[in-house]
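Participant: Test case, fold it:
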Amino acid sequence: MMRKILCYALLMSWYSVVGQEIQRGDTARLQSKDTAIQVVPQKKYIASYRPDTTKREAPSSVPAGNDQLSAPSTYAKLIKPHALTRKGLFTVHRVDDNYYFEIPDSLLGRDLLVVTRIAQGAAGVRPEYTGYAGDQVGSTIIRFERGPNHKLFLRRITYEENPGDSTNAMFHAVVRSNLQPLVAAFGVGAYALNLRGSVIDITDYINGDNDILFFNSTARKTMRVGSMQSNMCYIKDINSFPLNLEIRTIKTYTQTSSDNNFTLELNTSIVLLPKKPMRKRFADRRVGYFTERYVDYDANPQGVKTVNYIKRWRLEPKPQDMAKYKSGELVEPQKPIIYYIDPATPKKWVPYLMQGVMDWQKAFEKAGFKNAILAKEAPDPREQPNWSLEDSRHSAIVYKPSSFANAAGPIITDPRSGEILESHINWYHNLMSILREWYMVQCGTTDPRAQKMKFDDALMGQLIRSVCAHEVGHSLGLTHNFGSSSTVPVEKLRDREWLAVHGHTPSIMDYSRFNYVAQPEDSVGEAGLISRIGDYDCWAIEYGYRLLPEIKSEENEIPFLNGWIMDKMKDKRLWFGSEFTIDDPRIQTEDLGDNAMKAGDYGIKNLQRIVPRLIHWTYEPNEGYRNLKQLYAGVINQYNFYLGHVITYIGGTFETVKTAEQVGPVYSPVPGSLQREAVQFLSRHVFQTPTWLLDTALLSRTGQSPEQIVTDAHRMALNNILSNTTLNKLQESEAMYGLKAYRFLDLLDDVDKEIWTELNTYASISIYRRNLQRHYIERLLELATPRSGWDTRDVGPVVANKLAEIDLRIDKALTKTKDAMTVYHLRYIQDKIKATK
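Facilitator: Prediction:
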């Protein structure tokens, strides 16, 4: 008995000593890399603790979380001496198989952003191009709040509605109608030693299935995520950093489309949002930024207004440099944007990735900042074991040794202000194979370095640098600008000196990757072939990041920003074309120049040069023809891109976003002269068989069907230009502009003339042309079929008359045609026409 009393006295004395050390800010711990075994004192807590003796009845159903009914325990009983402890945003304790969050009172009521991404994708689960490592599957804002009876509640927070000024009566009405929901309850297992925090058991909540930490409803539906298989799920690890918590879990689900299971690893980040949100910068459709939005009940006294504000990093001058900044002097920001390069990246590509980041420095100089964006190699984990790419204080370019050929720049933002908090750009190794294919097909005739299967490191490095700069642009908040390349006259794309200064597109955020217009005789160098940061990119960064300290509020910035944009729009190279604009032929992906017909002619000339050289360019000893098949398919795809660019002109509409202060229309039809030019292009390169593409040497080595190649082009052209959508747009244009418009009748006359040339010359009709003519007739017959709505339009009368004309012309041609297959074909066409009468 005396031995037990003595041991207890010694233990209490030891607790007292350790407690004094902790109060001084020191922690007695056994270090083991980034984890720690921490022993915690209980003396102060024991003296102040008063148990809650209130009787409670068990609820009929237990809410989400760990809604324990018992009173809190003591810290020492809950957090055992052998606990593994990690300090950070929350202190995380692991006791055997249980995880505990120690949440300080100072963080109760603070906004926490939760973002869930796939860390390792499930084998064989790739619906709709999702399910890859790095894909985001959930995002929400939460708060922990103290409740009665020793509970912490978890509340989901949304900022979709803004009540406005708190002195306004509307404020209270909106607040009363928008109580944010409680989504989980946790019984306090113990209180912190200093009584300024609560410890909760988070194990069951993390091991369970909820839309806070894991899949949201949209991602669940897209990936066909069914029920969770709890016996095949577990917590892999939880790391705590100063501003964020990282939870790694293994989750197994059933697929809703089958009885199969799939397993993946999820990474859930819990990030502390700033106590004071950054000042917003309101969005404008004439400058392309990703946006946050809310419904404002205070902005419009006679209704509501959806307010959009851009996503951007918080860049601010140091206090002592503010006067210099206001005077126009370049200053360094308090906190620059830093991207760390993943140590897993092959060393030879690191300098090019770093340069792709640093290229944006010149853009930030337009906004008044120097050295605003930097690239660094991540520390060696052997030298700094506590440094982690998962720490939300670190943005990174993460190298993924994956067969997936892509790159992506996701960002984590504060939805209250649009502030970008962190970005992890995913760089997939196999992207290089796509870069090689694109560059060989588009620039192989102008750059001899691209005439082989293995590019030199210097060339591949520049391609990597360009793509990296594009993805960094997204991580800075910029959206695609698919209209940028249309501001460049086509002939300038062949001007070596002009290209060296300006590049072939004003924006690297366009999908105009390489200059396919330049011809071999133009001697255009690398600077004129590979996309780089341009004039629009510098303007967009200036718009988003230039501080306006002389303007007192974000709302007061709006008139200034509008005037600023209108002034900049005088330079057409600063024009923005949103990728969500579908009818404007200026706004397309993978196109170049201000005239797709002229650019396409040059592009096809280069393809005609490439086709007979492909066997030589793709040769590798001891290999088959897989390379040849891949690059030949790349040539066909590029040819189809040129066709698609031109087809968009027919029935197209120019859309130029304006505010009321700007003169001229927002919407205007593509001029008839350009639409006719588009039909003539299709005649030269589609309706007239592209025999240059049907190289027998290639076909016999790749197994491609020449008939299928040509038929696919025919169908793409005719199905689009004779689609209901195109015809509707032509009808609407005629209704507005009368005979000045390019009408459906004009289109049909122009197309008909190009497709039936043999009826004038009585020549034999080739197999490719027979297929074209049959598909044309089939499309006309579909249009002639009575349907709801056609009786009010001219489609029926025009098509019926056109079919009758074709029938008469065939009658005449049959009297002079000698080729048997041509005769059979024409009689078949006549039978099809007569069957509809």
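
Participant: At which residues are the helices of the stretch 1-150 of the chain located?
Facilitator: Remark: helices assigned in the stretch 1-150 of the chain by DSSP state H, counting those that start in this stretch are 2-23, 43-48, 75-78.

Participant: the strands in the stretch 101-250 of the chain, which residues?
Facilitator: Per DSSP state E, counting those that start in this stretch, the stretch 101-250 of the chain carries strands over the ranges 112-120, 136-147, 151-157, 161-162, 182-191, 197-201, 225-228, 234-240, 244-255.

Participant: Quick one: those strands as JSON lines, columns for mean pLDDT too.
Facilitator: Formatted as JSON lines, those follow (pLDDT from 0 to 100):
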{"stretch": "strand 112-120", "mean pLDDT": "87"}
{"stretch": "strand 136-147", "mean pLDDT": "92"}
{"stretch": "strand 151-157", "mean pLDDT": "95"}
{"stretch": "strand 161-162", "mean pLDDT": "64"}
{"stretch": "strand 182-191", "mean pLDDT": "94"}
{"stretch": "strand 197-201", "mean pLDDT": "96"}
{"stretch": "strand 225-228", "mean pLDDT": "91"}
{"stretch": "strand 234-240", "mean pLDDT": "94"}
{"stretch": "strand 244-255", "mean pLDDT": "93"}
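
Participant: Could I get those strands in JSON lines, plus columns for mean neighbour count?
Facilitator: Just so you know, the C-beta spots here come from the backbone N, C-alpha and C atoms, and that holds for glycine as well. Below are the strands of the stretch 101-250 of the chain laid out as JSON lines (neighbours: other CB atoms under 10 Å):
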{"stretch": "strand 112-120", "mean neighbour count": "21"}
{"stretch": "strand 136-147", "mean neighbour count": "18"}
{"stretch": "strand 151-157", "mean neighbour count": "19"}
{"stretch": "strand 161-162", "mean neighbour count": "16"}
{"stretch": "strand 182-191", "mean neighbour count": "22"}
{"stretch": "strand 197-201", "mean neighbour count": "23"}
{"stretch": "strand 225-228", "mean neighbour count": "17"}
{"stretch": "strand 234-240", "mean neighbour count": "17"}
{"stretch": "strand 244-255", "mean neighbour count": "20"}
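
Participant: Which of those sits closest to A367?
Facilitator: strand 112-120 (25.6 Å; CB to CB).

Participant: then that closest one to PDB, C-alphas only?
Facilitator: Extracted C-alpha coordinates of strand 112-120, given in PDB (Å, rounded to 0.1, in the frame of the first residue of the first chain):
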ATOM      1  CA  LEU A 112     -13.000  26.100 -42.600                       C
ATOM      2  CA  LEU A 113     -12.800  25.100 -46.200                       C
ATOM      3  CA  VAL A 114     -13.000  21.300 -46.900                       C
ATOM      4  CA  VAL A 115     -11.700  20.100 -50.200                       C
ATOM      5  CA  THR A 116     -11.700  16.400 -51.200                       C
ATOM      6  CA  ARG A 117      -9.600  15.000 -54.100                       C
ATOM      7  CA  ILE A 118      -8.800  11.600 -55.300                       C
ATOM      8  CA  ALA A 119      -5.300  10.700 -54.200                       C
ATOM      9  CA  GLN A 120      -5.200   7.400 -56.000                       C
END
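
Participant: Sweet, I'm off.
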